[in-house]
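S.K.: Prediction below, plus the sequence it came from.
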Amino acid sequence: VATAYMPDTQVTGPVLSVNTWTHIATTYSQTHGLTLYVNGVSVGNKGAQPNNAPGMAVTLTLGSSLFSGTCNSQSIAQGTFFGYLDEFRVYSRELSATEVSALAKDKTCTDGLMNGDETDIDCGGSCSKCVVGQKCTLTKDLPTCTDGIKNQDETDVDCGGSACTKRCSPGQGCLSNTDCTTDNCDTTAKKCR
């Protein structure tokens, strides 16, 4: 059940399966009204409507039909919800149908959306590192000479190449003598001696 306060409006969705995770979202705006989504698909809408809510704070109770300590006359749900709520979010704007659909789907590093633990679209977090010009978390998402990964033009993990000042130890990769702490690179084996 999706409910808008003042005016008293409800959108009732289907009965949900038990023991199954279900993504539920509700959006509201004066232009588009109240919309209820189940697993990313709109299951009902109450069209454009004004927002006459008072300027006072209104209690939001998750998983219960209680409103300010009494039964909410608007709700068809009786009693308390028994189950789990996960990834509860409140946005300061109405999400589009596309955004709601994306939230309901599994997050991937190739879906063209910034979701999961990504710091920009399809990069950062558990996805590939972000490139210059994308949002990032400096300590996690940009290639550095201390990130434990052979990247940039490093000749081994966090050493060698033009980007790192740290030189590689014997047995680590190299392309020239300047990559090695010993100034001795076996260019055939591409290893510091």
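M.R.: Received, thanks.
S.K.: What about residue 27, how many residues nearby?
M.R.: 21 (other CB atoms under 10 Å). Any C-beta I mention is one placed from the backbone N, CA and C, and that applies to glycine too.
S.K.: Please name the residues that touch it.
M.R.: 34-35, 37, 94-95, 100 (CB atoms under 8 Å, 6 or more residues apart in numbering).
S.K.: did I read that right, it in a helix?
M.R.: No - under DSSP: H, G, I helix; E, B strand; the rest coil, residue 27 sits outside any helix and is assigned strand.
S.K.: For the top helix by length along the chain, output the C-alpha coordinates as CSV.
M.R.: Ordering each helix of the chain by length in residues (DSSP state H) puts helix 97-104 first. Extracted C-alpha coordinates of helix 97-104, given in CSV (Å, rounded to 0.1, in the frame of the first residue of the first chain):
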residue,chain,number,x,y,z
ALA,A,97,10.3,5.1,-13.6
THR,A,98,13.7,4.2,-15.1
GLU,A,99,15.5,5.0,-11.8
VAL,A,100,13.0,2.9,-9.8
SER,A,101,13.4,0.0,-12.3
ALA,A,102,17.2,0.3,-12.0
LEU,A,103,17.0,0.1,-8.2
ALA,A,104,15.0,-3.1,-8.4
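S.K.: which of the contacts of residue 27 has the most neighbours?
M.R.: Busiest of these [other CB under 10 Å] is residue 37, holding 24 neighbours.
S.K.: The helix or strand hosting it - contacts with which helices or strands?
M.R.: Assessed by DSSP states H and E, residue 37 sits inside strand 33-38. Identification of packing neighbours for strand 33-38 by 3 or more CB pairs under 8 Å, 6 or more residues apart in numbering; DSSP states H and E yields strand 2-4, strand 9-11, strand 24-29, strand 41-45, helix 97-104.
S.K.: okay, now the domains of the chain?
M.R.: 1-105, 107-142, 145-193 (automatic domain parsing).
S.K.: Make a markdown table from those domains and add mean pLDDT to it.
M.R.: Shown next, in a markdown table, are the domains of the chain (pLDDT from 0 to 100):
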| stretch | mean pLDDT |
| --- | --- |
| domain 1-105 | 76 |
| domain 107-142 | 76 |
| domain 145-193 | 92 |
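S.K.: residue ranges of the helices in the chain, please?
M.R.: 97-104, 138-141.
S.K.: which among the contacts of residue 27 gets closest to residue 52?
M.R.: residue 34 (13.4 Å; CB to CB).
S.K.: Touching, the closest one and residue 28? I think so.
M.R.: Yes - using CB atoms under 8 Å, residue 34 is in contact with residue 28, at 5.1 Å.
S.K.: so which of the helices and strands packed on strand 33-38 comes closest to residue 124?
M.R.: The nearest among the helices and strands packed on strand 33-38, by CB to CB, is helix 97-104 at 16.8 Å.
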